[in-house]
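Novice: coordinates for the following, if possible.
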Amino acid sequence: MREHNYAVTINWIGNTGEGTASYTAYQRDFTVESPGKAPIPGSADPAFRGNPECWNPEDMLLASISACHKLWYLHLCAVNNVCVLEYVDHPVGRMIEGDGQRKGHFKEAELRPQVVISSQSDRDLAMRLHDDAHHECFIANSVNFPIKCRAVINYRN
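Specialist: Numbering: from 1, shown residues only. Alright, predicted model coming up:
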């Protein structure tokens with residue numbers, strides 16, 4: 001068994017001078033930092049008094065799911081002789097703030113990758129590899145809600 005460790009710094013930058021003296025006294029802004037990488041500006045979702053110009057944790061979770069799936073998919077295509085020429089995803093997620101049994105949580109996510117493959121590639125195999133990528137994805141294997149994949153695959157002529 002191999003183990004990988006990760007560490008980041010979440011630096012709250014929303015103290016407006018009063019700290020958390022009240023719910024409205026502070027901003028939700030923060031940065032995600034790691035040595036040698038560009039900082040990511042973060043905040044809460046605007047529904048929770050966050051800055052709409054920044055990434056919120058829910059955005060980052062959805063982006064992580066999509067990026068992990070894409071990376072596995074590209075790997076599987078490469079080792080199975082499917083030549084991907086373009087890949088763009090427009091994932092969506094649904095979070096609810098409580099259903100009587102649980103606090104706020106993601107209910108589901110859906111990946112919507114649009115993939116262009118070479119005309120020599122096997123389109124059916126390219127579609128099946130999305131299922132394999134889902135089962136390999138570290139992030140998908142770590143969450144407790146369903147992730148669907150509604151892929152569209154086209155050939156480049």
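
Novice: use CA for all of it now, contacts and neighbours both
Specialist: OK.

Novice: helix/strand/coil for the residue nearest the centre of the chain?
Specialist: Residue closest to the average C-alpha location in the chain (Cα atoms, centre = their mean): A63, at 2.0 Å. The local conformation at A63, judged by DSSP: H, G, I helix; E, B strand; the rest coil, is helix.

Novice: ok, it to K107 distance?
Specialist: For A63, the distance to K107 equals 16 Å [Cα to Cα, to the nearest Å].

Novice: go on, N157?
Specialist: From N157 across to K107, the span is 39 Å (Cα to Cα).

Novice: give me the more crowded residue out of these two.
Specialist: K107 (14 against 8; other Cα atoms under 10 Å).

Novice: the strand or helix carrying that one: which residues count as buried?
Specialist: Using DSSP states H and E, K107 maps to strand 103-111. Buried positions in strand 103-111, judged by neighbour count with 16 or more other Cα atoms under 10 Å: 106, 108-111.

Novice: between those residues, which is closest to K148?
Specialist: The nearest member of those to K148, counting by Cα to Cα, is E110 at 4.6 Å.

Novice: circling back: could you export the helix or strand following the strand holding K107 as PDB, CA atoms only?
Specialist: Counting by DSSP H and E, the element after strand 103-111 in chain order, helix or strand, is strand 114-118. Provided in PDB are the C-alpha atoms of strand 114-118 (Å, rounded to 0.1, in the frame of the first residue of the first chain):
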ATOM      1  CA  GLN A 114     -17.400  17.100 -23.800                       C
ATOM      2  CA  VAL A 115     -14.600  15.000 -25.400                       C
ATOM      3  CA  VAL A 116     -13.200  15.100 -28.900                       C
ATOM      4  CA  ILE A 117     -11.200  12.000 -30.000                       C
ATOM      5  CA  SER A 118      -9.300  11.300 -33.200                       C
END
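
Novice: I'd like the distance between the residue lying closest to N141 once chain neighbours are set aside and P146.
Specialist: Excluding the flanking residues, the one nearest N141 by Cα to Cα, 6 or more residues apart in numbering is H135, at 7.2 Å. Remark: distance between H135 and P146 (Cα to Cα) = 12 Å.
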